[in-house]
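Chemist: Mind folding the following:
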Amino acid sequence: MKAPWTFLRYLPVAQRILAKGRLPMLLIAVARKNKSRGGMLGGLREDLKLLQELCVAWWRGEYRAVSKQALIAAVAGLVYFVSPLDALPDWIPGLGFLDDIAVLTWVMSKWSAELQAFRAWRDAQGPAARAELDRLPTPNEPKA
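Modeler: As a prediction, this is how the structure comes out:
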């Protein structure tokens, strides 16, 4: 399955975010946008949560069994989600999230095996560890 053409330009952005330690700021932006959109996101909300939890676990050094390509794709998908000016700008009523949904669906499908492995790892964690995955890192929290 081929990546959506608009998604490809976000891969280098994702690499820079990871290299410069800016992942916490991205995760905070995703959480804000997710919260502000209420019910508009439907089933996308669970996919966003899984990608966020993967990034949090990776940032804190708790889960490193994800390939570099899958991590970059997950981060790029989150960058695409927060970008207001992507293929269909978010301010277009009724259409603005269609491309976000398409990109995140592609990421979830393309990297489904790695995301399933992370989901299994996450589900095996105790309640305290699961709660920590819901807590976003702060911008000045050091990467493990």
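
Chemist: pretty sure Phe81 is touching Ala31, no?
Modeler: No. Phe81 sits out of contact with Ala31 when judged by CB atoms under 8 Å, with a separation of 10.9 Å. For the C-beta atoms, the positions are set from N, CA and C on the backbone; glycine is no exception.

Chemist: who's more crowded, these two?
Modeler: Each of Phe81 and Ala31 has its neighbours counted (other CB atoms under 10 Å); Phe81 has more, 28 against 16.

Chemist: Tell me which other helices or strands the strand or helix carrying that one touches.
Modeler: According to DSSP states H and E, Phe81 maps onto helix 68-82. On a contact count with 3 or more CB pairs under 8 Å, 6 or more residues apart in numbering; DSSP states H and E, helix 68-82 meets helix 11-19, helix 23-36, helix 44-59, helix 98-110.

Chemist: For these, give me TSV that also has distance to Glu141 and mean pLDDT.
Modeler: Below are these laid out as TSV (distance: least, CB to CB, whole Å; pLDDT from 0 to 100):
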stretch	distance to Glu141	mean pLDDT
helix 11-19	15	95
helix 23-36	6	88
helix 44-59	8	92
helix 98-110	25	84
